[in-house]
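Asks: Give me a model of this one.
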Amino acid sequence: MEQKNLYQQAVQLLQQLIQTPSFSKEEDKTAAILSDFLKQHGVEVHRQLNNVWAFNKNYNPKLSTILLNSHHDTIKPNPGYTRNPFEASTEDGRLYGLGSNDAGGCLVSLISTFLYFYAQPNLKYNLVLAATAEEEISGRNGIELILPELGKLDAAIVGEPTEMHLAVAEKGLLVLDCIAKGKAGHAAREEGINAIYEALEDISWFQKYRFEKESEHLGPVKMSITMINAGTQHNVVPDNCLFTVDVRLTDTYTMDEVLQTIQQHVKAEVKPRSTRLKPSSIPLEHPLVQAGLQLGRKTYGSPTTSDQALLPIPSLKLGPGFSGRSHMADEFIYLHEIEEGINLYIELLERVIK
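Replies: Residues are numbered from 1 along each chain as shown. Here you go, the predicted structure:
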């Protein structure tokens, strides 16, 4: 199929997706649209819950496989919208609507790219397309659910708005619930051990501590106290102080290494709320990165979390659109960004898989 036709169909598909509400956990209708679209193009489609995936026509289990992944769920529109978030209107070269930039433009561009290569023989790599659910909430019924169905994967392109530059590393997320222990007593007498004061020592450590190694693309590990709660009434010394720590991980330390360092330095009981969202990266010498560099794209580290965090393989975050427009009121993507996205995806993959 010609790239011009791919672009026109991609825009029409994105308009359909925008017009169909697909909040996280409620993506069944957009999953049906995506499934039908692929079937109309002769693709054998697989679906589990609200996840849709397909293999290229000449899939060969002896070859390495590249995953093309993006999501079709959205957040709920914020109160600042002045337009109908589901209208999919175009104006001055912009396509407006919820999910247009994050990550509808990326998804339809990757689908177009997959269709371009779908029936081509003698590719050096297999391609697997996965349009997944629950990315916005890091849900367990998204990419994580279908990974066993996708076969052995060797690398991935994750479609998120990066202005088609190469996000070669992405921060992970570790949320810690901490309990500083004290001993209750009457506030008017010298009784008890104040758990708030105990917590302050640990909070001070979180504020001042710096991990020795810094990531080339992501900088230092960042730790922030984001919530705190203690006490039941004004005249009782509290015996517990609960606080929450938001830890943004880099590719220089494993999640376990960061957690062990924290537990060695603080007195509070530290409980990880989740250890699923790991930092991710891809070597600069990887063929996908090298192909992007040859096309004049820049590399950088992404501070935001995506489905990369759930992929246990080298992954490159790459897609049309601008990250700063994600989750904003009156979200939009430029139509030329979609066209450029399709062209660049195809050019990049041609340098790797043909």
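Asks: Mind checking what secondary structure residue 174 has?
Replies: Here residue 174 is strand, with the state taken from DSSP: H, G, I helix; E, B strand; the rest coil.
Asks: my bad, should have said residue 32
Replies: Under three-state DSSP, residue 32 falls in the helix class.
Asks: For it, give its distance to residue 15.
Replies: As defined by CB to CB, to the nearest Å, residue 32 lies at a distance of 16 Å from residue 15. C-beta coordinates here come from the backbone N, C-alpha and C atoms, glycine included.
Asks: Of the two, which one has the most company?
Replies: Each of residue 32 and residue 15 has its neighbours counted (other CB atoms under 10 Å); residue 15 has more, 19 against 14.
Asks: Spatially, which residue comes closest to residue 7, not counting chain neighbours?
Replies: residue 339 (4.7 Å; CB to CB, 6 or more residues apart in numbering).
Asks: swap in residue 201?
Replies: Nearest residue to residue 201 in three dimensions, chain neighbours excluded: residue 267, at 6.9 Å (CB to CB, 6+ apart).
Asks: now residue 78
Replies: Nearest non-adjacent residue to residue 78 (CB to CB, 6+ apart): residue 329, at 5.5 Å.
Asks: Mean confidence (pLDDT) on the host helix or strand of residue 344, please.
Replies: Following DSSP states H and E, one finds residue 344 within helix 335-353. Per-residue pLDDT over helix 335-353 has a mean of 98.
Asks: Report all helices and strands that it contacts.
Replies: Other helices and strands packing on helix 335-353, by 3 or more CB pairs under 8 Å, 6 or more residues apart in numbering; DSSP states H and E, are helix 3-18, strand 65-71, strand 94-96, helix 105-117, helix 287-294.
Asks: at 10 Å what do you get?
Replies: Applying 3 or more CB pairs under 10 Å, 6 or more residues apart in numbering; DSSP states H and E, one finds that helix 335-353 contacts helix 3-18, strand 65-71, strand 94-96, helix 105-117, strand 126-132, strand 155-158, helix 287-294.
Asks: and the angle from it to helix 3-18?
Replies: Helix 335-353 and helix 3-18 are oriented at 120 degrees to each other (axes from the mean of the first three to the mean of the last three CA atoms, to 10 degrees).
Asks: Buried residues, helix 335-353. List them.
Replies: Buried positions in helix 335-353, judged by neighbour count with 16 or more other CB atoms under 10 Å: 335, 337-346, 348-349, 352-353.
Asks: next helix or strand past the helix or strand of the chain with the lowest mean pLDDT?
Replies: Least confident helix or strand, the chain: strand 185-186 with a mean of 87, by mean pLDDT, DSSP states H and E. Once the chain leaves strand 185-186, the next helix or strand it forms, by DSSP H and E, is helix 195-208.
Asks: What count of nearby residues applies to the spatially closest residue to residue 274 that is not a sequence neighbour?
Replies: Closest residue to residue 274 apart from its sequence neighbours, by CB to CB, 6+ apart: residue 175 at 6.0 Å. Neighbourhood size, residue 175 [other CB under 10 Å]: 16.
Asks: now residue 175: how far from residue 245?
Replies: Counting by CB to CB - residue 175 and residue 245 are separated by 7 Å.
Asks: Overlap of the contact sets of those two?
Replies: Here residue 175 and residue 245 have 226, 227, 272, 273 as joint contacts, going by CB atoms under 10 Å, 6 or more residues apart in numbering.
Asks: what secondary structure does the last one sit in?
Replies: Following three-state DSSP, we place residue 273 in the strand state.
Asks: right, and it touches residue 244 too?
Replies: Yes: here residue 273 reaches residue 244: they are 8.1 Å apart, a contact under CB atoms under 10 Å.
Asks: List the beta-bridge partners for residue 130.
Replies: On the basis of DSSP bridges, residue 130 is bridged to residue 53, residue 69.
Asks: I meant residue 176, not that one.
Replies: In this structure, residue 176 bridges to residue 245, residue 272 when assessed by DSSP bridges.
Asks: give the contact list for it.
Replies: 206, 223, 225, 243-247, 258-259, 262-263, 266, 268, 270-274.
Asks: Those residues, buried ones only, as a PyMOL selection?
Replies: Buried subset of those, written as a PyMOL selection, criterion 16+ other CB under 10 Å:
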select buried, resi 206+223+225+243+245+247+258+259+262+266+268+270+272
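Asks: show me what contacts residue 172?
Replies: Under the criterion of CB under 10 Å, 6+ apart, the contact list for residue 172 reads 218, 221, 247-251, 253-255, 258, 275-280, 305, 308-309.
Asks: Domain map for the protein?
Replies: Listed domain ranges for the chain are 3-170+279-353, 172-274 (source: automatic domain parsing).
Asks: Please identify the most buried of the ones you listed.
Replies: The highest mean neighbour count among those, using mean count of other CB atoms under 10 Å, belongs to domain 3-170+279-353: a mean of 20.
Asks: What is the end-to-end distance of that one?
Replies: End-to-end distance of domain 3-170+279-353 (CA to CA, to the nearest Å): 18 Å.
Asks: got it, and stretch 150-165?
Replies: In stretch 150-165, first residue to last residue: 26 Å (CA to CA).
Asks: surely residue 297 meets residue 164?
Replies: Yes: assessed by CB under 10 Å, residue 297 is found in contact with residue 164 at 6.4 Å.
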